[in-house]
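A.B. asks: Pasting the sequence and the predicted coordinates here, then a few questions.
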Amino acid sequence: MTNERFLIVEDEAIVALDIKKSLESLGYFVVACATNYDEALKFVKEKDPSIILMDINLKNSKSGIEAAIDIQKIKNIPIIYITAYSDETTIKKAVKTNPLAYLLKPFKREELKTTIYLALHKIKSSLELFKNKNFIHLGLNYYYNLEDETLFYENIIIKLSTKERALLNILVEAKGSIVSFNSLEYLLWPDYPVSKGALRTLIYRLRAKLEYKLIETIPNVGCKINTIF
């Protein structure tokens, strides 16, 4: 038996039961089976799962992708999508939620076993890498190394320009407090004035690399790191 706590989100009871039995036979603990968006969020709050198997197409409900987005606002829980849909549009939407894996139905028990094993290994590798005290978890599997000013998504380095790195440093050091646009302009361009558009463009570029919801902009005021765990 492992320490992992699985939540299954699947609207077909027979499929959910089959997945539950497969997980339990592999030594995993299933905290609950949700059939729709509302139940998924409810069980996340009540059962504290450590990993979620999420069906993308939930009947008579918001989609699994929408559920994943809102779950991430509550807690940063790794998600493995299970779905019969492999079209490009669906995959592009799913990728934006940074899933651990994508398992196509119908799948065999060995495929489930391999997918979970690789996903858990990926989590373990990331945790080992970021045990260093210099790493700050920004949320949604993004980490920032204060020592060498390097941004990671899981264990992958995200390239930043000099100004993007400087902006991220300022926001990280502010520890969630709002930094005014005037202060950002002065700190980023101390030797000469720049247009408002230059700062807006810089913030937009950094937000795009950090998941838009991780940096919150307050109109006519400033912006801040909006950490999501």
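C.D. replies: Looks like it arrived, so ask away.

A.B. asks: following the helix or strand hosting residue 186, which helix or strand comes up?
C.D. replies: Under DSSP states H and E, the secondary-structure element containing residue 186 is helix 181-188. Remark: after helix 181-188, the chain's next helix or strand is helix 196-209, criterion DSSP H and E.

A.B. asks: residues in contact with that following helix?
C.D. replies: Judged by CB atoms under 8 Å, 6 or more residues apart in numbering, the contacts made with helix 196-209 from elsewhere in the structure are 151, 158, 160-161, 163-164, 167-168, 181, 184-185, 188-189, 214-215, 217, 223. Glycine gets a C-beta too; all of them are placed from N, C-alpha and C.

A.B. asks: Could you rerun that using 7 Å?
C.D. replies: Defining contact as CB atoms under 7 Å, 6 or more residues apart in numbering, one finds that helix 196-209 is touched by 158, 163, 164, 167, 168, 181, 184, 185, 215, 217, 223.

A.B. asks: Could you give the average pLDDT over it?
C.D. replies: Per-residue pLDDT values across helix 196-209 average out to 92.

A.B. asks: I'd like to check the angle between that helix and helix 181-188, please.
C.D. replies: Here helix 196-209 runs at 80 degrees with respect to helix 181-188, directions being taken by axes from the mean of the first three to the mean of the last three CA atoms, to 10 degrees.

A.B. asks: Show me what the next helix-or-strand element following helix 196-209 pairs with in its sheet, parallel or antiparallel.
C.D. replies: If you walk from helix 196-209 toward the C-terminus, the next helix or strand you reach (DSSP H and E) is strand 215-218. For strand 215-218, the paired strands and their directions (DSSP bridges) are strand 222-225 (antiparallel).

A.B. asks: dump the residue contacts of residue 143.
C.D. replies: So, once contact is read as CB under 7 Å, 6+ apart, residue 143 ends up touching 130, 135, 136, 137, 152.

A.B. asks: List the residues that contact the third one.
C.D. replies: Remark: with contacts taken as CB under 7 Å, 6+ apart, residue 136 is in contact with 143, 144, 146, 172.

A.B. asks: Confirm that it sits in a strand.
C.D. replies: Yes. With DSSP: H, G, I helix; E, B strand; the rest coil as the criterion, residue 136 is assigned to a strand.

A.B. asks: Strands of this structure, start to end?
C.D. replies: Per DSSP state E, the chain carries strands over the ranges 5-9, 29-34, 51-55, 79-83, 101-104, 135-139, 142-145, 150-153, 156-158, 179-180, 215-218, 222-225.

A.B. asks: Relative to residue 123, which of these is closest?
C.D. replies: Each of the strands of the chain has some distance to residue 123 by CB to CB; the shortest is strand 51-55, at 7.9 Å.

A.B. asks: If you count contacts, what does the longest helix seen in the chain end up packed against?
C.D. replies: Longest helix in the chain by number of residues (criterion: DSSP state H): helix 109-129. In this structure, helix 109-129 packs against strand 101-104, with contacts taken as 3 or more CB pairs under 7 Å, 6 or more residues apart in numbering; DSSP states H and E.
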